[in-house]
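Asker: Need a 3D model of the following:
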Amino acid sequence: MVYLVDASVYIFRAWFSQSPEQRDADGNPTHALYGFARFLGDLIERRAPRYLAVAFDESHGFGHRHALLPSYKANREPAPPELKRQFALCREFCRHLGVAEFASREYEADDLIGTLAARVRADGLRVTVVTRDKDLSQLVGPGDRFWDYSDAAEYAYEEIAARFGVAPERMAEYLALTGDAVDNIPGVPGVGPKTATALMNRYATLEELYDDLEQVAFLPLRGASRLPEKLRAHREAAFLARSLTRIHCDAPLTADRDSLRRRSPSLTELAHFCTLHGFGAMLPRQAERIARLAA
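Answerer: Residues are numbered from 1 along each chain as shown. So this is what the prediction gives:
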């Protein structure tokens, strides 16, 4: 099993949940870094994964999705400098801990995880996607897992539809209809989760749905008579939304299964790193325990 971690989820969680009073000797905040470090160390202690990788987002405002839709994620406030600094330190912590980490200016963490998943599947391995972002459920195949670590909830491929409303393979199509307010993707106005789920359970693709628009009016759905008109008026938005929400699994990464193998932590460097950022002895002690785990 290969564990693929969506770093942003856990860094932002720590940024908002940990005390901002935690700082290094120079007065720089380190609470997001500390929370992420504890999360990653705890994950390794719990599962002792042989293969583990962490994907970071660095494509804000520059990625290929912004070329398709300039307003993509424009509703989000830019990360403040003190958080950007801690993102970089989280990547450094991964390296000290012996964990592979990846980032790209063009591809988002979702695409990096998708690409890594495709690479290791070619070697016969299965994946556990560690995130709470439902978009990433589209990467889960038979034998894989979706692990919402923060809520201690884990779902097999067969359980995804009950959790999110549609099977993993249908998630991009589903989001094409509902849109994704978090990422500022419009979708089809007036089509909510229940309607989108019903349509995706009946039609295999957007193309199949749009080829059968006249029959949509007769489906046992609330407001079905007006659905063809809504869908027709926002056809372009729906197909654009699918392009934006579909995860790419062919990012130009230099990675294979061996590069994802967890290495023993660099204890001396890690102890220095923790001292530098005001963490005390807790994380170095955890690193010593992790070093004793079979990698």
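Asker: What segments of the stretch 1-150 of the chain are strands?
Answerer: Here the stretch 1-150 of the chain has its strands, by DSSP state E, counting those that start in this stretch, at 2-6, 51-55, 100-102, 127-130, 145-148.
Asker: so can I have TSV of the ones you listed showing distance to Ala204 and mean pLDDT?
Answerer: All C-beta spots, glycine's among them, are computed from the backbone N, C-alpha and C. Conversion of those to TSV gives the following (distance: least, CB to CB, whole Å; pLDDT from 0 to 100):
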stretch	distance to Ala204	mean pLDDT
strand 2-6	27	98
strand 51-55	29	98
strand 100-102	32	97
strand 127-130	24	98
strand 145-148	22	97
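Asker: Is Glu207 in a helix, a strand, or coil?
Answerer: Under DSSP: H, G, I helix; E, B strand; the rest coil, Glu207 falls in the helix class.
Asker: Give me the buried positions along stretch 116-134.
Answerer: Residues 116-117, 119-121, 125-132, 134 are the ones in stretch 116-134 that count as buried (16 or more other CB atoms under 10 Å).
Asker: of all those, which comes closest to Gly41?
Answerer: Minimum separation from Gly41 among the buried residues of stretch 116-134 (CB to CB) is found for Val130, which lies at 13.6 Å.
Asker: how close does the residue nearest to that closest one when sequence neighbours are not counted get to Leu206?
Answerer: Distances taken as CB to CB, 6 or more residues apart in numbering put Val5 closest to Val130, at 4.4 Å, once the chain neighbours are dropped. Computed as CB to CB, to the nearest Å, the Val5 to Leu206 distance reads 31 Å.
Asker: try Pro228
Answerer: 14 Å.
Asker: Compare these two (neighbour count), which wins?
Answerer: Leu206 (20 against 17; other CB atoms under 10 Å).
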